[in-house]
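**Q** Quick check, what structure comes out for this input:
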Amino acid sequence: MSSFLGPIHFWLYEKIKIQEELTIYFYNAAIKNGWFDEKDSEAALLVKKDLRPLEDIIDTMNIHAWLQECIHDAEGRYAKLITKLTVTVPMIELEKIAFEFGKLHTVGKVSVQDAYKFFDDIFLNGMPCDRVNIITQQDNSCFSWEQTHDIHAEYWLAFQGYPETYYKLRKQVMLGMLDGSGLILESPDYLHYSIKKENQCTQ
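**A** Got it, this is the predicted structure:
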């Protein structure tokens, strides 16, 4: 990455902010449903409320490291929050919340290619240089990609959580985002995904 702020830095920071929004969404749902007590200071500390514009808070002398630390911090707090919730809250309830969050960011009536771009603009997958996603098929009816490695597991394992929880919730966010779009998501495992118009796509 460059030593000057450019479009890629703002793009990545927007993804970090959406990750923070997801954490806040789960936290607020937990308070509303009585899963967390508002006096639970440990849970409250997992929510970051300082989401000022990038240019106001970034260390411009160390842009790459600053953004990388933001990603680690955001993913770590999310993993800790969800792992804390899974102790008492059924997974199906958390999946419902993830789906509703996705509906706040619907893709609309778009092509399968634009739907993938929308996903790529939303979900954190490390730094751009990590090159986590590789496109495996694209045409007018189907867009498929493969995640080359599990870049999220470390955050969940650090808090004795389960990495598959991350992928179950992310899938529900994706489904919520596709709600009403006329597109469907296929995901035989957490590494392979397809956005389809019709049942004409093969892995």
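**Q** Contacts only, for residue 143.
**A** When contacts are counted by Cβ atoms under 8 Å, 6 or more residues apart in numbering, residue 143 is found next to 112-113, 115-116, 135, 137, 194-195. C-beta here means a position set from N, CA and C on the backbone, and glycine is covered the same way.
**Q** residues in contact with the nearest residue to residue 174 once chain neighbours are set aside?
**A** Excluding the flanking residues, the one nearest residue 174 by Cβ to Cβ, 6 or more residues apart in numbering is residue 185, at 5.4 Å. Contacts of residue 185 were listed using Cβ under 8 Å, 6+ apart, and they are 171, 174-175, 178, 193-196.
**Q** Phi first, then psi, for the residue nearest to the spatial centre of the chain.
**A** Centroid-nearest residue in the chain: residue 123, 3.8 Å away (criterion: Cα atoms, centre = their mean). When read as degrees, to the nearest 10, the backbone of residue 123 gives phi -90, psi 130.
**Q** Could you pull up the residues touching it?
**A** Neighbour list for residue 123: 15, 170, 173 [criterion: Cβ under 8 Å, 6+ apart].
**Q** The residue nearest to residue 174 and residue 78, how far apart?
**A** Residue 185 sits 21 Å away from residue 78 when distances are taken as Cβ to Cβ, to the nearest Å.
**Q** Which neighbouring elements make contact with the single longest helix found in the chain?
**A** Counting residues, the longest helix found in the chain (DSSP state H) is helix 7-32. Judged by 3 or more Cβ pairs under 8 Å, 6 or more residues apart in numbering; DSSP states H and E, helix 7-32 is in contact with helix 41-44, helix 54-57, helix 63-86, helix 91-103, helix 112-122.
**Q** can we see that at 10 Å?
**A** Judged by 3 or more Cβ pairs under 10 Å, 6 or more residues apart in numbering; DSSP states H and E, helix 7-32 is in contact with helix 41-44, helix 54-57, helix 63-86, helix 91-103, helix 112-122, helix 163-177.
**Q** can you give me the offset of the fifth one from its chain's centre?
**A** Mean-position distance between helix 112-122 and its chain equals 13 Å (Cα atoms, centre = their mean, to the nearest Å).
**Q** try the longest one
**A** Going by Cα atoms, centre = their mean, the spacing between the C-alpha centre of helix 63-86 and its chain's C-alpha centre is 11 Å.
**Q** Kindly report the same for stretch 139-157.
**A** With Cα atoms, centre = their mean as the basis, the mean position of stretch 139-157 lies at 11 Å from the chain mean.
**Q** Can you give me the first-to-last residue distance of it?
**A** Taking Cα to Cα, to the nearest Å, the span from the opening residue of stretch 139-157 to its closing residue is 37 Å.
**Q** hang on, the earlier thing: show the buried residues in the contacts of residue 123.
**A** Of the members of those, the ones counted as buried by neighbours, 16 or more other Cβ atoms under 10 Å, are 15, 170, 173.
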